[in-house]
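# only geometry, no sequence info:
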């Protein structure tokens, strides 16, 4: 537990968690507010899914937060003291991932429910009640997805070590790479179906029940993953743990 406490102190002694956390909250709340306010003009009544329209940008903020939690240690040199105190390294790195994941979970829940509440306040006549499993999943499921994304982000930070490269990778991958894969002739769509963030989207959106059956529009575009929602989350979790394991293994084999 002392390792977790130490990593918590290190993480919250820098501005990253506060800046990225605030950005994630705004990224979900502002689109939810705009969607609710523009419902009359667009003739598309807001849905529970539309309140989570900013999910992808919030996810990028969480990935960057997790990556910077690692690279800031390398930049400041505190990683050397950590590895001197914990020569085996693995427990300290697992504790770092656990702290980042815990904060990301709380951030995801706070951002998702804040966005939903903002939409309910601004569009009181819309049917935004959480009265189905799909409704609860797309809102409350943001926390687990953000937590697993943070685990993967820590793994990427351990592999890259440098802030610029880590941030670039963690921004470009979710915003551009996965969708760009579909442009590969013949094999692109088949590859895209099994990409990790696509699986996370499948867990959250299912078949679009929380968006009144609409695909995209004012909500996240539905995933083409062949997995059921529960298995999609497990698949994403496996990917996150694998990235972290590769990162830890790499760190243990090279100099700090």
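In hand now; what should we look at? None of these values were measured; they are calculated from a predicted model. Numbering: from 1, shown residues only.
# Need the three-state assignment for residue 223.
Put simply, residue 223 is coil when judged by DSSP: H, G, I helix; E, B strand; the rest coil.
# got the residue ranges for the helices in the stretch 51-200 of the chain?
55-76, 78-85, 90-122, 133-140, 142-160, 163-172, 178-181, 188-192, 196-205 (DSSP state H, counting those that start in this stretch).
# Give the other helices and strands that the helix or strand following the last one contacts.
Per DSSP states H and E, the first helix or strand lying C-terminal to helix 196-205 is helix 229-253. Packing contacts for helix 229-253, counted by 3 or more C-beta pairs under 8 Å, 6 or more residues apart in numbering; DSSP states H and E, involve helix 90-122, helix 142-160, helix 196-205. All C-beta atoms are positioned from the backbone trio N, CA, C, and that covers glycine.
# Can you say which of the ones you listed is packed in most?
Highest mean neighbour count of the helices and strands packed on helix 229-253: helix 142-160, a mean of 26 (counted as mean count of other C-beta atoms under 10 Å).
# Could you figure out how far that helix is turned away from helix 133-140?
Angular relation of helix 142-160 and helix 133-140 on a 0 to 180 degree scale: 50 degrees, by axes from the mean of the first three to the mean of the last three C-alpha atoms, to 10 degrees.
# quick one, helix 142-160 and helix 229-253 angle?
Using the same axes, to 10 degrees, helix 142-160 lies at 30 degrees relative to helix 229-253.
# what about helix 142-160, average pLDDT?
Averaging pLDDT along helix 142-160 gives 96.
# Equivalent analysis for stretch 179-187, please.
Confidence over stretch 179-187 (mean pLDDT, whole number) is 88.
# picking that back up, could you export the helices and strands packed on helix 229-253 to TSV, including columns for distance to residue 31?
Converted to TSV, the helices and strands packed on helix 229-253 look like this (distance: least, C-beta to C-beta, whole Å):
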stretch	distance to residue 31
helix 90-122	8
helix 142-160	14
helix 196-205	15
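# what's the closest of these to residue 252?
With respect to residue 252, and counting by C-beta to C-beta, the nearest of the helices and strands packed on helix 229-253 is helix 90-122 at 6.7 Å.
# Spit out the contact partners of residue 104.
62, 65-66, 143, 146-147, 149-150 (C-beta atoms under 8 Å, 6 or more residues apart in numbering).
# Which single one of those is nearest to residue 234?
Using C-beta to C-beta, residue 147 is the member of these that lies nearest residue 234, at 13.9 Å.
# In JSON lines: the contacts of residue 104, plus distance to residue 47.
Rendered in JSON lines, the data for the contacts of residue 104 read as follows (distance: C-beta to C-beta, whole Å):
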{"residue": "62", "distance to residue 47": "24"}
{"residue": "65", "distance to residue 47": "28"}
{"residue": "66", "distance to residue 47": "30"}
{"residue": "143", "distance to residue 47": "20"}
{"residue": "146", "distance to residue 47": "21"}
{"residue": "147", "distance to residue 47": "25"}
{"residue": "149", "distance to residue 47": "24"}
{"residue": "150", "distance to residue 47": "28"}
